[in-house]
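Student: sequence first, predicted model second:
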Amino acid sequence: MSLVHGVEVPRLPVSRLEPVIGASRYAELADAADRVRPLLAGRTVWNVNSTAAGGGVAEMLQVLVGYVQDLSIPVGWLVITGDAGFFAITKRLHNQIHGSLSGPLLGAEEAGHYTQMLAANAVELAARIRPGDVMLLHDPQTAGLAAPLARAGARVIWRCHIGVDWEDEVTRAGWAFLRPHLAAAEAYVFSRRDYVPSWIPADKTWIIPPSIDAFSPKNQPLADDTVRAILATLGVLDGAAPTGPATFVRRDGDVGTVSRSAVIVGEARPGPGDPVLVQVSRWDRLKDMAGVMHGFADHVAPGGDGYLMLVGPSVKDVSDDPEGAAVYGECLLQWRNLSPAAQARILLVTLPLDDIDENAAMVNALQRHATVIAQKSLAEGFGLTVAEGMWKGRPVIGSAVGGIIDQIAEGTGILLPDPADLTAFGSAARRLLGDRDQAARMGQAAHDRVREQFVGDAHLLQYAQLLGTLIGEG
């Protein structure tokens, strides 16, 4: 059985960005592609990660690869395979880099298994590529591929989407685990400067924040009737029946329909006009879904308006996150211990991942229906779900950690200095849920900020500059 699998991505027309970003920014992107294209003649740019669905990296690659194809630059996406032990190790490593221990510090036994698993994947990858191809390796799951692929003649870039802006014994141990594997990379890409370990050469470091695709099923405009039809199909609204087709545009341009329902735990459902607070994320302890639930139960539900929806993927469908089912189970147990009054106002919602585009359209409708969006992470590499919520014209209550700080500017949402302060979180949620006018003003400012800072052309332009520099110097 093959360990490495290719992901087919529909071509995305870059020209559709022009009405959003303006003629000047669009021309700059086209010029950059024209400069890079001849340098890459005879080469392919390969993205390599550990899952095709269920997380921000996979979603960003759908966009990045689709647009690069339309720029006539040879690009591909390959997904590696690991066993349960490998993904347990990489999840612990992910947590360590965020300063959180989910077991003992990783040692020699784990390092050996990690190396062995990636060595097997590297053999198959090396058979697929040509000398001179560019390998863009994403996150700790792929770091161990850098040396064998460099020996095979590839130009290796390692892209890290995670990190924290401080260090301690736990984070240093996580980076020490990866350091021997990364020496062979020729360039390193991080989302924030503060995430770069001190031992990575400054002249090989690039800072490229992620961006959203305004036209993806997760972010495209949806009419109010369509939003209501999708939510009715999911089953998250009280007594709602579809009033129109629950349709959306797929990444390949075809029309899709949301036909699957969500799995919902909750004693009641909000009515169509009730204010709703929504957090969408993986079932990951660092996303602190349980903290959001208790903050709402203790500080909003007793006297404030609205409902809370905690929304995450079906835990059986995210192959590289073995903790997901456990975290969802913990949230479920804690929900069952809430008072009946709080249970009536809080929904745990899991969305199917059988169809990636359909799942994205579900998230789109939930965010567009929300009055306020939360992202109360304890640690966050970047947290692009914040920009996605802002794009829909919704204020976001987010923790002042990681890339969330870069996204929420004054007047576009509320930053929480202490992610563990549930009283402050509940106060912010209660205020915005009860003041629709303030929420709307902040939401409009949030949308404008994303258009200026986090639409895909900036992301693509920076990668074009990186590739031009790397190949031009080679």
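Tutor: Received it, and whenever you're ready, just let me know what you need.
Student: buried residues, stretch 82-89. List them.
Tutor: Going by neighbour count (16 or more other CB atoms under 10 Å), the buried part of stretch 82-89 is 82, 86, 87, 88, 89. From N, CA and C alone the C-beta is placed, and that goes for glycine too.
Student: pLDDT score for the third one?
Tutor: Residue 87 is assigned a predicted lDDT (pLDDT) of 94.
Student: I'd assumed it was in a helix, is it?
Tutor: Yes - the assignment for residue 87 (DSSP: H, G, I helix; E, B strand; the rest coil) places it in a helix.
Student: before we move on, back to that, for the buried residues of stretch 82-89, which one is nearest residue 106?
Tutor: For the buried residues of stretch 82-89, the minimum distance to residue 106 (CB to CB) is 6.5 Å, reached by residue 89.
Student: check contacts around the closest one.
Tutor: By CB atoms under 8 Å, 6 or more residues apart in numbering, the contact set of residue 89 is 106, 110, 113, 114.
Student: mind giving me the domain split of this structure?
Tutor: Listed by automatic domain parsing, the domain ranges of the chain are 5-211+455-473, 224-453.
Student: closest one to residue 217 among those?
Tutor: Per CB to CB, nearest to residue 217 of the domains of the chain: domain 224-453, 3.9 Å.
Student: how far does the closest one stretch from start to finish?
Tutor: End-to-end span of domain 224-453 (CA to CA, to the nearest Å): 27 Å.
Student: then stretch 276-287?
Tutor: 19 Å.
Student: just give me how far that stretch sits from the chain centre.
Tutor: The chain centroid and the centroid of stretch 276-287 are separated by 12 Å under CA atoms, centre = their mean, to the nearest Å.
Student: just stretch 165-175 next, same as before
Tutor: Distance, centroid of stretch 165-175 to centroid of chain: 22 Å (CA atoms, centre = their mean).
Student: buried ones in the helix or strand where residue 123 lies?
Tutor: Taking DSSP states H and E as the definition, one finds residue 123 inside helix 108-128. Neighbour counts over helix 108-128 (16+ other CB under 10 Å) mark 110, 111, 113, 114, 115, 117, 118, 120, 121, 122, 125 as buried.
Student: now stretch 148-166
Tutor: In stretch 148-166, counting by 16+ other CB under 10 Å, buried: 148-150, 152, 154-164.
Student: quick one: mean pLDDT over that stretch.
Tutor: 95.
Student: which stretches in the stretch 1-150 of the chain count as strands?
Tutor: In the stretch 1-150 of the chain, the strands defined using DSSP state E, counting those that start in this stretch lie at 5-6, 45-49, 75-79, 134-138.
Student: so which of the ones you listed is nearest residue 17?
Tutor: The nearest among those, by CB to CB, is strand 75-79 at 17.2 Å.
Student: ok, which stretches of the stretch 301-450 of the chain are helices?
Tutor: 324-336, 340-343, 356-369, 384-391, 404-407, 422-434, 436-453 (DSSP state H, counting those that start in this stretch).
Student: taking helix 422-434 as reference, get the angle to the last one.
Tutor: For helix 436-453 against helix 422-434, the angle by axes from the mean of the first three to the mean of the last three CA atoms, to 10 degrees is 100 degrees.
Student: quick check: mean pLDDT across the next helix or strand after helix 436-453?
Tutor: Next helix or strand after helix 436-453 toward the C-terminus (DSSP H and E): helix 456-473. Helix 456-473 comes out with an average pLDDT of 88.
Student: how much space between the residue positioned nearest the centre of the chain and residue 348?
Tutor: Centroid check for the chain by CA atoms, centre = their mean gives residue 56 as the closest residue, at 2.1 Å. Separation of residue 56 from residue 348 (CB to CB, to the nearest Å): 21 Å.
Student: pretty sure residue 463 contacts residue 65?
Tutor: No - counting by CB atoms under 8 Å, residue 463 does not reach residue 65; the two are 11.3 Å apart.
Student: now the buried residues of helix 108-128 in TSV, with pLDDT and distance to residue 43?
Tutor: Below are the buried residues of helix 108-128 laid out as TSV (pLDDT from 0 to 100; distance: CB to CB, whole Å):
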residue	pLDDT	distance to residue 43
110	96	35
111	96	32
113	98	33
114	97	29
115	97	27
117	97	27
118	97	23
120	97	25
121	97	21
122	97	19
125	97	15
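Student: ok, which pair from the residues you listed is furthest apart?
Tutor: 110 and 125 (22.0 Å).
Student: can you give me the strands for the stretch 151-300 of the chain?
Tutor: Using DSSP E, counting those that start in this stretch, strands in the stretch 151-300 of the chain cover 155-160, 187-190, 205-207, 247-249, 255-257, 263-265, 276-280.
Student: I'd like the mean pLDDT over the third one, please.
Tutor: Think strand 205-207. Strand 205-207 comes out at a mean pLDDT of 97.
Student: remind me which residues of the stretch 351-474 of the chain are low pLDDT?
Tutor: Scanning the stretch 351-474 of the chain for pLDDT under 70 picks out the ranges 473-474.
Student: can you give me the buried ones in stretch 460-474?
Tutor: Neighbour-count burial for stretch 460-474 flags 460, 461, 462, 463, 464, 466, 467, 470, 471 (criterion: 16+ other CB under 10 Å).
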